[in-house]
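J.: Model the structure of this input:
(one chain, ligands or ions: 1)
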Amino acid sequence: MATLLRRPGNLARYSRRATECIGRTAPTPVRPQPSRISSLFASHRLRTYATHGPGDPKPPNNNHKPQPGGNGNGNDSGKGGPNKEEPKEPESVLTETEQKQLDAFIKHLEETLPPTSHPSLHELRRSMMRDGLPPEVKPFVERNGNISLMDYLRMARFMLKYTNMQANKEAENDLARFMKKSREESKVEQDQEQKKQRGEEEQNRPKDKNQKQKQKPPSPGPRVLEFRFDPGSFLVTAGREITWQEFRANYLDKGLVEKLTVSNRTRVRVDINREEAAQTDSMGQPISYVYFNIGSVKVFESKLEQAQDELEIPTAERIPVTYTDEVPWGSAIMSFAPTLILMAGAFWLTRRAGGGGGGQSGIFGIGKSRAKRFNHETDIKTKFSDVAGMDEAKVEIMEFVSFLQQPERFQKLGAKIPRGAILSGPPGTGKTLLAKATAGESGVPFFSVSGSEFVEMFVGVGPSRVRDLFSNARKNTPCIIFIDEIDAIGKSRAKQGFGGGNDERESTLNQILTEMDGFNTSEQVVVLAGTNRADVLDKALMRPGRFDRHIAIDRPTMDGRKQIFRVHLKKIVTDEDLEYLEGRLAALTPGFAGADIANCVNEAALVAARDNADKVVMRHFEQAIERVIGGLEKKSLVLSPEEKRTVAYHEAGHAICGWYFRWADPLLKVSIIPRGQGALGYAQYLPAGGDTYLMNVNQLMDRMAMTLGGRVSEELHFDTVTSGASDDFNKVTRMATAMVTKFGMSPKLGYIYYEEDSQQQLHKPFSEDTARDIDVEVRRIVQEANKQCRDLLTEKRKEIGVVAEELLSKEVLGRDDLVRLLGPRPWPESGEFAKYFDGRAGQTVAPPEPQQNSEETSGKDGRDETPFPS
Ligand SMILES: Nc1ncnc2c1ncn2[C@@H]1O[C@H](COP(=O)(O)OP(=O)(O)OP(=O)(O)O)[C@@H](O)[C@H]1O
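T.: Presented below is the predicted three-dimensional model:
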């Protein structure tokens with residue numbers, strides 16, 4: 001009994017319950033269930049598989065105690081074939097009296113029950129011999145068969161439970177033993193411990209027990225492993241869903257349930273009493289809980305109550321049930337998953353779109369200004385000395401420098417400090433350079449941003465970036481903000497054209513205006529802006545208090561180009577006389593902007609490097625200039641002899657006109673080597689009167705006549721004409737139209753200016769009559785130019801032939817070639833230019849003797865090394 005009571009859990013619980021039951025005067029009403037009675041000995045359902053342990057099976061032990069109800073030879077008469085071994089008789093822990101009483105009791109049952117249930121009874125007997133008599137059984141055993149029907153039913157009910165319990169337990173133990181060796185070992189340890197305990201008990205037992213021990217020494221016979229397979233038990237795994245029936249049969253009835261938790265009124269978690277369950281899942285892990293779903297809490301409660309009633313579990317010992325409302329995190333996350341994925345995708349896209357902006361990338365940095373901040377100490381090394389020419393612009397902007405350096409000088413006189421300046425001019429004229437130099441000179445931080453960087457696809461980003469830029473600037477006063485290409489946002493709001501304006505750009509511009517207005521007079525933030533189109537800027541930008549100053553930076557003059565060449569030639573390795581070189585290069589590059597000059601110098605160094613030269617010489621510079629003007633030589637484009645001849649006569653026509661018309665630009669260089677895009681030849685002219693800014697009617701007429709020289713020459717020398725003069729006609733027509741509609745040079749139209757604006761093409765600002773008059777006048781002017789040209793070229797037919805043939809043979813002619821072929825130009829030259837075409841051909845140290853035959857000094861192909869002999 002002590003052993004039994006030490007066994008924890010269900011057996012102890014049932015023992016107590018049974019004791020209580022038996023102790024009651026009135027028997028507890030049992031609701032007999034036919035099904036349960038019929039399956040009284042459910043061990044029938046247990047399939048028994050016998051297998052042998054390691055080693056051969058030994059013959060059955062004949063010395064074992066005869067089985068009650070058996071035939072005495074160990075084989076049950078009712079079942080088990082001759083080959084089937086009767087399970088070994090276990091070592092009995094019962095006293096002799098108890099044993100006898102048990103045998104008698106089993107025999108009585110055997111007589112009462114059908115033979116099919118006998119093996120179960122034997123099994124029951126064996127387990128009771130091994131584990132002792134359960135207290136519930138003891139009273140019945142002692143009565144030696146004198147039991148009432150009610151007692152019998154109660155007994156049968158208990159036996160059913162007990163048998164099931166034992167069978168399941170053994171099956172589970174066997175399965176666990178088989179699946180996990182460690183469990184085997186622990187089982188062995190447990191057995192040893194049990195033995196030890198039994199040993200202790202035996203020592204305390206009366207003599208007859210010792211005698212019995214002597215009679216039945218433990219026989220080490222073959223070990224038979226028995227697998228009792230109960231599908232109900234086998235299917236249970238930890239954390240798995242089960243049915244109510246499984247719960248009932250495998251857990252509740254067996255007393256394995258520790259507690260029940262109803263969560264969210266739909267699911268019941270069954271916490272298993274681990275110590276007793278001794279169940280493992282498929283991974284060999286102990287089972288901690290299972291669960292089943294319920295439809296309604298009420299139904300569940302009533303079913304549970306009924307089940308516990310049937311099991312006669314006293315109220316105090318009923319299984320505790322708790323209720324929880326849990327948030328199913330898995331499904332909650334799953335329901336948010338699409339939104340989360342969308343958000344993550346959008347975030348990733350904006351990060352990618354804004355990538356490269358350093359810390360400002362991503363959706364949170366979209367409204368941040370993209371202005372690059374240059375540190376005046378480390379980044380900005382540009383000084384005014386690096387900016388050549390544009391002296392007036394420098395003077396203007398110097399004021400800003402002095403304002404940033406000594407603001408008090410202005411403030412003490414009550415002067416308001418200019419807010420900013422717009423630097424306007426053609427591309428590459430050095431606007432950015434000048435702004436940088438201003439920052440470099442004044443030694444303040446410099447924020448540089450392009451107007452287009454304010455504009456994004458999102459509405460409101462532009463103004464927000466403007467705000468951010470200005471707030472950054474205010475934190476770093478004194479400083480300079482430079483907004484390049486301000487026309488991207490500062491276009492006149494009135495000139496938005498059809499379809500309304502661009503709201504985003506307008507609001508960005510408004511924000512700039514507001515920010516500039518908002519400057520405190522003492523705030524030393526100067527805003528400089530660069531543009532190529534000052535004419536399209538909104539007038540509000542230009543008003544005093546905003547961009548007070550408008551500094552126009554034009555293409556450099558001859559002198560300016562010299563200075564710019566001087567700046568850039570410093571970095572070049574050359575032995576040339578720098579002063580002469582600068583002058584000559586400046587003369588060769590009329591109309592070049594600072595950026596073109598910088599490019600030319602760099603190209604010259606590259607050409608020299610390609611030639612493996614030690615230093616850059618004049619020839620390299622000239623090739624570089626040609627390349628910058630005309631583009632790359634197209635060596636692959638080979639013209640036919642006829643085409644070449646046409647091109648030569650065409651170019652010769654231009655050259656003769658330029659040479660003999662007083663106000664035309666004399667030829668500087670002509671080439672019939674195809675270059676760039678579609679140009680079969682190219683001619684470069686020197687501005688006749690130096691850098692000219694005004695043109696009179698004579699100059700215009702001479703230029704038009706010279707432009708028509710190509711086509712007229714073709715007409716004079718060939719049977720047919722080509723399409724090559726189309727660009728010339730375009731130029732001539734534009735010049736004639738400008739003379740009529742803009743320059744007031746047509747007596748018929750008078751002093752009229754008609755806007756040449758593509759947007760007004762639909763609605764011409766003049767009447768049909770005026771249009772006709774314009775047509776007539778343009779035509780008249782062009783015809784006059786044509787006549788002028790034709791007269792000259794008819795007269796100079798021979799000279800055209802000379803120049804064209806020379807061009808055909810040499811492919812490139814310089815000004816010096818023309819002097820050689822045609823004699824000096826009959827009109828006075830601008831001294832500034834002529835100075836650099838004195839036959840020195842860039843040889844600065846000791847001018848050679850004038851070359852009589854240029855071919856003697858020309859290079860291998862007679863083209864690249866064409867000198868300029870006098
Ligand atoms: N006056 C100058 N002196 C020296 N170098 C110059 C000068 N002007 C232009 N350059 C050269 O040309 C380069 C380009 O000039 P810059 O970027 O300032 O032109 P920009 O007028 O701002 O052109 P854009 O209108 O296209 O922005 C400079 O880096 C410099 O090398």
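J.: Please make it C-alpha for all contacts and neighbour counts, starting now.
T.: Noted.
J.: these two touch, right, residue 596 and residue 428?
T.: Yes: counting by Cα atoms under 8 Å, residue 428 is a contact partner of residue 596 at 7.2 Å.
J.: and residue 789, what pLDDT?
T.: According to the prediction, residue 789 has pLDDT 94.
J.: now swap in residue 38 and tell me
T.: 34.
J.: cool, residue 82 as well?
T.: 40.
J.: What of residue 743?
T.: pLDDT, read off for residue 743, is 89.
J.: Ok, residue 60 next?
T.: On pLDDT, residue 60 comes in at 40.
J.: try the one 10 residues further on
T.: With respect to pLDDT, residue 70 has a value of 40.
J.: Get me the contact residues on this protein for the ligand.
T.: The chain has residues 386-389, 427-433, 532, 564, 594-595, 598 near the ligand, with proximity defined as Cα under 6 Å from any ligand atom.
J.: and if we set it to 5 Å?
T.: 387-388, 427-433, 564, 594-595 (Cα under 5 Å from any ligand atom).
J.: quick one: which of those has the most company?
T.: residue 431 (28 neighbours; other Cα atoms under 10 Å).
J.: got the contact list for it?
T.: Contact analysis of residue 431 by Cα atoms under 8 Å, 6 or more residues apart in numbering lists 423-425, 530, 553.
J.: Pick out the most distant pair among these.
T.: 530 and 553 (10.1 Å; Cα to Cα).
J.: Break down the stretch 201-350 of the chain into its strands, ranges please.
T.: Secondary structure of the stretch 201-350 of the chain (DSSP state E, counting those that start in this stretch): strands at 224-229, 257-263, 267-272, 289-293, 321-324.
J.: And the helix or strand containing residue 103, what's buried?
T.: Per DSSP states H and E: residue 103 is located in helix 96-112. Across helix 96-112, burial judged by 16 or more other Cα atoms under 10 Å covers 98-110.
J.: one step back: out of the strands of the stretch 201-350 of the chain, nearest to residue 123?
T.: Closest approach to residue 123 among the strands of the stretch 201-350 of the chain (Cα to Cα): strand 224-229, 12.0 Å.
J.: sorry, back to before: mind putting the buried residues of helix 96-112 into CSV with pLDDT?
T.: Listed next are those as CSV, based on pLDDT from 0 to 100:
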residue, pLDDT
98, 80
99, 83
100, 81
101, 79
102, 80
103, 83
104, 79
105, 78
106, 79
107, 79
108, 75
109, 75
110, 77
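J.: ok, now which ones touch residue 516?
T.: 419, 545-546 are the contacts of residue 516 under Cα under 8 Å, 6+ apart.
J.: Correction: the previous question concerned residue 735.
T.: Here residue 735 is in contact with 700, 704 (Cα under 8 Å, 6+ apart).
J.: list the buried ones in the one helix or strand it maps to?
T.: In the assignment (DSSP H and E), residue 735 maps to helix 726-741. For helix 726-741, the neighbour count (16+ other Cα under 10 Å) marks 728-729, 732-733, 735-741 as buried.
J.: likewise stretch 549-561?
T.: For stretch 549-561, the neighbour count (16+ other Cα under 10 Å) marks 549-561 as buried.
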